[in-house]
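>>> give me a 3D structure for the following:
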Amino acid sequence: MVTQEQRRRQLAREKLARQQQRRAAARSKAQKRNVLIAGGLVLALIAGVLVALAGLFDSDDDKDDAARPKDPCAQPAAGEPSGQTWKKEPKVTIDKSAAYTMKLATTCGDLTIGLDAKNAPHTVNSFNFLAGKGYFDHTRCHRLTDQGIYVLQCGDPKGDGTGTPGYTIPDENLKDPRLKGNVYPAGTIAMANRYNPQPAKGESKNENSGGSQFFIVYQDSELPPYYTPFGQLTGGQDVLKKITEAGATAPDPQTGNTAPIATVVINKATVTRS
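Now for the predicted structure:
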């Protein structure tokens, strides 16, 4: 028979066992909670690092985007340069006493040029002919210089400085009184050519080598008087400013040319008599 003392001791042992079980359960629960909390902290830390890194890269991208010059011009109209060529210069049919205007509708806006038919009849006649044939349409202005001389060069269907209409025209108006001190004033439109004042022995100076490429002077530029001045920019100065302020690319490793960052494409060129 169990005495009261034995019964008391048994109840005490059972109570102690229940207390130990509750304590063990509490410790287990606490450990699980701590693991979850620690895991959450780790995940939060990782997420924070990722967000910080993303923000860092976003910041760098934003800086790069801010530093990268923007193209201020629209997309070109659909179409490609015709690439037509002719065997000889077209017959001069313009009226040398009349006023002619060339309009270049470009992706950056319209440029209007007053042509000097009186002093550069062959050049103006050639541009009248080429524009009438759609030769300049869809051609890109491929060169922008912003050191030493300041010109935007256009008129090449190949877009690399090698394109020609297949014929050449004579140099004209090289003693234009506006070319004081060998300075081509801002706004002057002149012909590009292959003239070489100091050819090697047996080589030609390549006089009268102008074709279809021309340049627009956007800031007074000192140049030897070898390039036919045949017009003056009369409208679109703001367009030219927008193009030049966008800047130029790094020099092409093959040609050395620096292209405008702006997408300057002549969608349509027209010459009209007024």
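
>>> drop to CA atoms for contacts and neighbour counts, all remaining ones
Fine.

>>> show me the contacts for residue 207.
Residues in contact with residue 207 (CA atoms under 8 Å, 6 or more residues apart in numbering) are 170-171, 194-196.

>>> who wins for most neighbours among those residues?
Tallying neighbours with other CA atoms under 10 Å puts residue 171 at the head of the contacts of residue 207, with 20 neighbours.

>>> sketch out the helices for this structure, chain order is fine.
Under the criterion DSSP state H, helices of the chain are mapped to 4-67, 121-132, 237-245.

>>> give me the low-pLDDT residue ranges for the chain?
Along the chain, segments meeting pLDDT under 70 span 1-68.

>>> longest strand anywhere in it?
Of all segments of type strand in the chain, defined using DSSP state E, the longest is strand 265-273.

>>> which other residues reach that one?
Applying CA under 8 Å, 6+ apart, the external contacts of strand 265-273 come out as 76-77, 98-108, 127-128, 131-132, 134, 136-141.

>>> could you dump the contacts of residue 207 into TSV and include distance to residue 230?
Listed next are those as TSV, based on distance: CA to CA, whole Å:
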residue	distance to residue 230
170	12
171	10
194	17
195	17
196	20
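
>>> between these, which sits nearest residue 231?
Using CA to CA, residue 171 is the member of those that lies nearest residue 231, at 13.9 Å.

>>> still on that earlier bit, the longest strand of the chain pairs with which strands, parallel or anti?
Paired neighbours of strand 265-273 in the sheet (DSSP bridges): strand 100-106 (antiparallel), strand 139-140 (antiparallel).

>>> report the two of the contacts of residue 207 separated the most.
170 and 196 (14.9 Å).

>>> OK, contacts around residue 198?
Per CA under 8 Å, 6+ apart, neighbours of residue 198: residue 205.

>>> can you get me the start-to-end distance on stretch 153-169?
18 Å (CA to CA, to the nearest Å).

>>> ok, and for that stretch, which residues are buried?
By neighbour count on 16 or more other CA atoms under 10 Å, the buried set for stretch 153-169 is 153-157, 159-161, 163-165, 167-169.

>>> who's in contact with it?
In contact with stretch 153-169 (CA under 8 Å, 6+ apart) are residues 81-89, 122-123, 126, 135-136, 138-144, 208-216, 255.

>>> residue 159 and residue 78: what is the separation?
16 Å.

>>> to clarify, my last question referred to residue 125.
For residue 125 relative to residue 78 (CA to CA), the value is 28 Å.

>>> please say which of the two ends up with more neighbours.
Set residue 125 next to residue 78 and count neighbours by other CA under 10 Å: residue 125 wins out with 24 against 7.

>>> I figured that one was touching residue 92, is that so?
Yes - counting by CA atoms under 8 Å, residue 125 does reach residue 92; the two are 5.8 Å apart.

>>> pull out the CA atoms of stretch 70-82 and give them to me as CSV.
Extracted in CSV, the C-alpha atoms of stretch 70-82 (Å, rounded to 0.1, in the frame of the first residue of the first chain):
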residue,chain,number,x,y,z
LYS,A,70,21.4,63.4,-77.2
ASP,A,71,20.4,63.2,-80.9
PRO,A,72,18.1,66.3,-81.4
CYS,A,73,16.8,65.2,-84.8
ALA,A,74,14.0,63.0,-86.1
GLN,A,75,14.2,59.7,-87.9
PRO,A,76,14.9,59.9,-91.6
ALA,A,77,12.1,59.5,-94.1
ALA,A,78,11.8,56.1,-95.8
GLY,A,79,14.1,55.7,-98.7
GLU,A,80,17.7,55.3,-99.8
PRO,A,81,20.1,57.5,-101.9
SER,A,82,19.7,56.9,-105.6
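
>>> inside strands: which ones of the contacts of residue 207?
Using DSSP E, the subset of the contacts of residue 207 located in strands is empty.

>>> from those, which single one is nearest residue 261?
Residue 261 has its nearest neighbour among the contacts of residue 207 in residue 194, at 25.1 Å by CA to CA.

>>> wait, isn't the closest one in contact with residue 204?
No - using CA under 8 Å as the test, residue 194 is too far from residue 204 to be in contact (10.2 Å).

>>> from residue 133, how far off is residue 256?
Relative to residue 133, residue 256 is positioned 31 Å away (CA to CA).
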